[in-house]
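build me a structure from this.
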Amino acid sequence: MLDQERAELMQIIRELSYEQREVTVTLASGRKSNFYFDGKQTTLHPRGSVLVA
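As a prediction, this is how the structure comes out:
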């Protein structure tokens, strides 16, 4: 992966998949977190799916 492609993928992840919340999210492990990462949003993006593959 080229540096330009990596930067493009990171931008898509920041815009679509990473979310920081004031309210904590309860994880499957039972621990609490103040951020959430939903990779599905990136993989469903047309360019994101190409960069992830």
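
Provide the strand pairings for the longest strand along the chain, with the direction of each partner.
Counting by DSSP state E, the longest strand found in the chain is strand 18-26. Using DSSP bridges, strand 18-26 pairs in its sheet with strand 32-37 (antiparallel).

before we move on, back to that, alpha carbons of the longest strand of the chain, as CSV, please.
In CSV, the C-alpha atoms belonging to strand 18-26 read as follows (Å, rounded to 0.1, in the frame of the first residue of the first chain):
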residue,chain,number,x,y,z
TYR,A,18,-14.4,6.5,14.2
GLU,A,19,-16.7,8.2,16.7
GLN,A,20,-15.8,9.8,20.0
ARG,A,21,-18.7,10.2,22.4
GLU,A,22,-19.3,12.0,25.7
VAL,A,23,-21.4,9.0,26.8
THR,A,24,-19.4,5.9,27.3
VAL,A,25,-20.1,2.8,25.2
THR,A,26,-20.3,-0.6,26.9
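
that strand: how far from the chain's middle?
Taking the mean of its C-alpha atoms, strand 18-26 sits 13 Å from the chain's own mean (CA atoms, centre = their mean, to the nearest Å).
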